[in-house]
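Engineer: Requesting a structural model of the entry that follows:
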Amino acid sequence: MKLLVLVTTLLFASISQATLITFDEKVSVENVFTNDGQSIDSAGFSFFSGMAEGNSGFIEVGLPRSLGGLFNANGSNITMRATDNSTFDLSSFDISRRDGDISYGRSASDVVVIGNLLGGGTVEFRTGALQINFAASLLPSTFKNLTSVIFNPEKFDNAGDFDYEFVIDNINTTSVSTPATFALILCGIVAIRVGAKRRKV
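Structural biologist: Residues are numbered from 1 along each chain as shown. Below is the predicted model:
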């Protein structure tokens with residue numbers, strides 16, 4: 001019985017896995033760059049660039065203006081998904097104006113974060129005014145069981161058509177196992193119980 005409790009505890013502890021996405025493995029590669037519809041992959045997650053109001057949007061890591069994080073250019077949004085399409089929780093991330101830019105010419109005013117929930121529906125969070133240096137954004141507890149997250153930049157009233165850029169880094173996530181994983185765990189528990197009963201007979 002004690003063995004069953006121990007194995008069950010270990011199995012369920014492995015269901016969720018916390019991940020900190022820093023893009024550090026990409027920084028050493030000069031100018032990792034993607035156009036619309038392509039992705040930059042890091043720590044089990046894919047980050048896709050989106051079209052920026054008719055202009056060609058892109059994202060990149062590795063240039064000085066990226067500040068060691070993931071940079072959106074031309075005001076493109078960024079969509080985040082787990083590479084294995086599993087659901088995940090999002091708890092926090094760091095965000096900055098692009099390249100420490102204090103002018104309104106190239107920086108986003110703030111970023112709207114939209115989480116798409118498993119089973120339908122969305123949750124939303126606004127970062128508030130972006131800072132010159134990285135600042136932590138703590139998400140509400142509603143950002144759980146997500147299938148994807150969209151980082152959508154907002155621009156200042158006097159900004160150019162495509163000039164609303166930002167950098168994100170240190171993204172804290174927790175991966176949630178798929179139903180198939182739960183089924184596998186349940187089968188393992190049942191097998192352990194059956195084996196224990198047979199030993200007693």
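
Engineer: show me where the protein has strands.
Structural biologist: In the chain, the segments counted as strands under DSSP state E are 16-21, 32-34, 39-42, 45-49, 58-61, 70-73, 78-82, 87-97, 108-117, 122-126, 135-138, 146-155, 166-176.

Engineer: which one of those strands has the lowest average pLDDT?
Structural biologist: In terms of average pLDDT, strand 32-34 trails the rest of these, at a mean of 78.

Engineer: From the contact counts, what lies against it?
Structural biologist: strand 58-61 (3 or more CB pairs under 8 Å, 6 or more residues apart in numbering; DSSP states H and E). C-betas here are computed from N, CA, C, even on glycine.

Engineer: CA atoms only: put the strand it packs on into CSV for me.
Structural biologist: This file holds the C-alpha atoms of strand 58-61, laid out as CSV (Å, rounded to 0.1, in the frame of the first residue of the first chain):
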residue,chain,number,x,y,z
PHE,A,58,8.7,39.4,-37.9
ILE,A,59,10.2,38.3,-34.6
GLU,A,60,13.9,37.8,-33.8
VAL,A,61,16.4,36.9,-31.1
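
Engineer: and it, what does it pack onto?
Structural biologist: Using 3+ CB pairs under 8 Å, 6+ apart, strand 58-61 sits against strand 32-34, strand 39-42, strand 45-49, strand 70-73.

Engineer: neighbouring strands for it, and are they parallel or not?
Structural biologist: Here strand 58-61 has these sheet partners by DSSP bridges: strand 32-34 (antiparallel), strand 70-73 (antiparallel).

Engineer: ok, and for the last one, which residues are buried?
Structural biologist: Within strand 70-73, the residues that qualify as buried are L70, F71, N72, A73, counting by 16 or more other CB atoms under 10 Å.

Engineer: ok, the last one - contacts?
Structural biologist: Spelled out, that is A73. By CB atoms under 8 Å, 6 or more residues apart in numbering, the residues touching A73 are G57, F58, I59, E60, E165.
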